[in-house]
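S.K.: structure for the following, please:
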Amino acid sequence: MHDRVGALRRALPESVRVSYAVKANGCLALVAQLRRLGCGADVCSRGELETVRAAGFSAADVVYTGPAKTDREIDEAVSWGVGLIVAESAAEAARVACAAGRAGVRQPLLLRVNPGPRLARSGMALTAPACKFGVDETEMLAVARATRALPDLELRGIHVSTESNVCSADRLLERAEYACALVAPLAADGFDVEVVDLGGGLGVPHRVGDTPLNVRAYGAGLRRLTARHPQLSLILELGRYPVAESGTYLVSVVAVKRSRGATFVLVDGGINHLYRPRLTPPDRPPPVLSPSRAPAERVTVGGPLLDAADLLAEDVLLPRPQAGDLLAIPACGAYGFSHGLHGFCLHPTPAEVVWDGRRLHLVRERGDPRGVTAGQQLLPETLHEAPEAVAVRR
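M.R.: I've put the predicted structure just below:
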């Protein structure tokens with residue numbers, strides 16, 4: 001995680017602000033460490049807001065997003081003084097204005113824009129021609145004018161996020177160019193646009209051998225872009241990028257069985273803890289951590305849920321595991337624990353442990369299935385050294 005954030009910050013121009021999207025992994029210890037690495041925070045719920053407060057973030061470094069904010073969420077965000085709230089519609093902007101009036105403050109705002117069909121999608125699409133996110137590009141100017149007429153608001157800029165997990169620097173730069181070009185009609189109408197939030201999208205390959213994102217090329221492109229738009233401050237929301245490769249999910253083999261010529265390795269955790277394999281092809285073999293002399297064979301790794309789709313890996317080549325062996329599912333530091341179906345079948349939620357390069361820290365206790373809790377989060381006092389002091393040694 002330190003390596004990823006450090007390399008990205010070195011590549012980016014200073015005018016680009018890096019925010020961590022807490023939805024990717026809300027582990028309190030990781031969120032606090034990302035703050036220490038200089039990241040801001042992107043939140044989309046009261047729970048995430050409380051997490052970044054507990055992690056020590058300044059309210060000014062927080063951006064509040066989300067397509068269906070409740071009045072209570074808006075009130076709490078405004079009262080705490082979050083730096084930017086992203087409005088998804090004219091009606092939501094009006095509700096933010098009411099909250100700001102009640103709090104006696106002037107709230108900075110971004111307007112989320114759903115870009116037109118010219119911006120073709122790749123990766124995991126977050127928008128479409130008709131979309132629940134933001135205002136359509138064709139309506140942007142009209143909604144911005146309506147927002148300008150509201151009291152107690154300060155429209156600072158726009159938010160444009162179209163896709164996730166893009167590993168092409170050229171594709172990301174094309175999207176950034178498009179977002180910055182949207183500023184022109186606003187500026188022509190008298191708006192003083194200062195901020196363009198480019199959303200997330202920096203990708204991490206799902207498969208070994210896939211081409212990773214060229215961070216240097218991306219940073220160089222953003223330097224050229226910011227040179228042409230010196231009045232703009234850009235925001236990147238990093239979700240998957242800084243944490244995906246850092247996380248590993250450990251499961252224990254309960255049994256091995258055969259069905260119509262296929263071998264199934266049954267383990268004590270599944271998509272209740274790690275749902276992401278249902279969205280991306282689960283075709284990577286998990287390493288067997290326990291010593292095994294068995295010959296390799298094709299197996300499918302299945303979890304404990306009463307659901308045929310509860311599979312962590314399908315038709316992968318492994319030394320045949322035995323009951324009691326440990327398997328490691330790599331690269332699930334993003335959308336792992338935070339994306340699980342923890343209430344399904346009421347299995348305990350997993351504990352979480354952080355390795356800082358020198359020692360292990362229990363940062364989330366194993367959850368009690370009777371209460372369907374996520375387990376108590378812990379923030380170890382010793383987990384605060386500078387990155388250079390805790391460089392991971394492989």
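
S.K.: show me where the stretch 1-150 of the chain dips below the pLDDT cut-off.
M.R.: 117-130 (pLDDT under 70).

S.K.: let's see that with 50 instead.
M.R.: Scanning the stretch 1-150 of the chain with the threshold set as pLDDT under 50 gives 120, 122-125.

S.K.: ranges for the helices of it?
M.R.: Using DSSP state H, counting those that start in this stretch, the helices found in the stretch 1-150 of the chain span residues 2-11, 28-36, 46-54, 71-80, 90-103, 140-148.

S.K.: by how many degrees do the third one and helix 28-36 diverge?
M.R.: Think helix 46-54. Inter-element angle recorded for helix 46-54 and helix 28-36: 60 degrees (by axes from the mean of the first three to the mean of the last three Cα atoms, to 10 degrees).

S.K.: show me what helix 46-54 packs onto, helices and strands only.
M.R.: Under the contact criterion of 3 or more Cβ pairs under 8 Å, 6 or more residues apart in numbering; DSSP states H and E, the helices and strands touching helix 46-54 comprise helix 28-36, strand 40-43, strand 62-64, helix 71-80. C-beta coordinates here come from the backbone N, C-alpha and C atoms, glycine included.

S.K.: the same query, at a cut-off of 6 Å, please.
M.R.: On a contact count with 3 or more Cβ pairs under 6 Å, 6 or more residues apart in numbering; DSSP states H and E, helix 46-54 meets strand 40-43.

S.K.: what packs against the strand it packs on?
M.R.: Counting contacts by 3+ Cβ pairs under 6 Å, 6+ apart, strand 40-43 packs against strand 16-21, helix 46-54, strand 62-64.

S.K.: how far away is A90 from L109?
M.R.: Separation of A90 from L109 (Cβ to Cβ, to the nearest Å) stands at 11 Å.

S.K.: out of the helices of the stretch 1-150 of the chain, flag the one nearest P242.
M.R.: P242 sits nearest to helix 2-11 of all those, at 4.6 Å, using Cβ to Cβ.

S.K.: could you tell me the angle between the closest one and helix 28-36?
M.R.: Using the same axes, to 10 degrees: helix 2-11 against helix 28-36 is 20 degrees.

S.K.: taking strand 16-21 as reference, get the angle to helix 2-11.
M.R.: 150 degrees.

S.K.: which other residues reach helix 2-11?
M.R.: Helix 2-11 is contacted from outside by 37, 215-216, 219, 242, 387, using Cβ atoms under 6 Å, 6 or more residues apart in numbering.

S.K.: helices - which of these land there?
M.R.: Among the contacts of helix 2-11, DSSP state H puts 215-216, 219, 242 in helices.

S.K.: redo those residues as JSON lines? Include neighbour count, pLDDT and distance to P350.
M.R.: Formatted as JSON lines, these follow (neighbours: other Cβ atoms under 10 Å; pLDDT from 0 to 100; distance: Cβ to Cβ, whole Å):
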{"residue": "V215", "neighbour count": "18", "pLDDT": "95", "distance to P350": "31"}
{"residue": "R216", "neighbour count": "13", "pLDDT": "96", "distance to P350": "36"}
{"residue": "G219", "neighbour count": "18", "pLDDT": "96", "distance to P350": "36"}
{"residue": "P242", "neighbour count": "30", "pLDDT": "94", "distance to P350": "21"}
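
S.K.: out of those, who's nearest I85?
M.R.: Looking across the ones in helices among the contacts of helix 2-11 and measuring by Cβ to Cβ, the closest to I85 is P242, at 23.6 Å.

S.K.: right, and that closest one touches A21 too?
M.R.: No - contact criterion Cβ atoms under 6 Å: P242 and A21 do not qualify, at 9.6 Å.

S.K.: what residues go with each domain of this structure?
M.R.: 2-244, 248-330, 349-394 (automatic domain parsing).

S.K.: out of those domains, flag the one nearest L341.
M.R.: domain 248-330 (4.8 Å).

S.K.: any idea how far apart the tips of the closest one sit?
M.R.: One end of domain 248-330 sits 5 Å from the other (Cα to Cα, to the nearest Å).

S.K.: quick one: average pLDDT of it?
M.R.: The average pLDDT for domain 248-330 rounds to 85.

S.K.: could you pull out the strands for the stretch 51-200 of the chain?
M.R.: Along the stretch 51-200 of the chain, the stretches classed as strands by DSSP state E, counting those that start in this stretch are 62-64, 84-87, 107-114, 124-125, 135-136, 153-159, 163-164, 195-197.

S.K.: so which of these is nearest L362?
M.R.: Nearest of the strands of the stretch 51-200 of the chain (Cβ to Cβ): strand 62-64, 27.3 Å.

S.K.: same for that closest one, what does it pack against?
M.R.: Taking 3+ Cβ pairs under 6 Å, 6+ apart as the contact cut, strand 62-64 packs with strand 40-43.

S.K.: for this protein, what's the longest strand?
M.R.: Counting by DSSP state E, the longest strand found in the chain is strand 249-259.

S.K.: let me know the closest of the contacts of helix 2-11 to H342.
M.R.: Closest to H342 out of these is P242 (23.5 Å), distances taken as Cβ to Cβ.

S.K.: check contacts around the closest one.
M.R.: By Cβ under 6 Å, 6+ apart, the contact set of P242 is 1, 4-5.

S.K.: so the residue lying closest to L360 once chain neighbours are set aside bridges to which residues?
M.R.: Once flanking residues are discounted, L360 sits nearest to V353: 5.4 Å by Cβ to Cβ, 6 or more residues apart in numbering. With DSSP bridges as the criterion, V353 is bridged to L362.

S.K.: what's the answer for V43, then?
M.R.: Here V43, judged by DSSP bridges, has bridge partners Y64.

S.K.: surely it is in contact with R53?
M.R.: No - checked against Cβ under 6 Å, the pair V43 and R53 is beyond contact range at 9.6 Å.

S.K.: which one's more surrounded, these two?
M.R.: When neighbours are counted by other Cβ atoms under 10 Å, V43 and R53 differ, and V43 comes out ahead with 28 against 15.

S.K.: ok, the more buried one - contacts?
M.R.: Applying Cβ under 6 Å, 6+ apart to V43 gives the contacts 22, 49, 52, 64.
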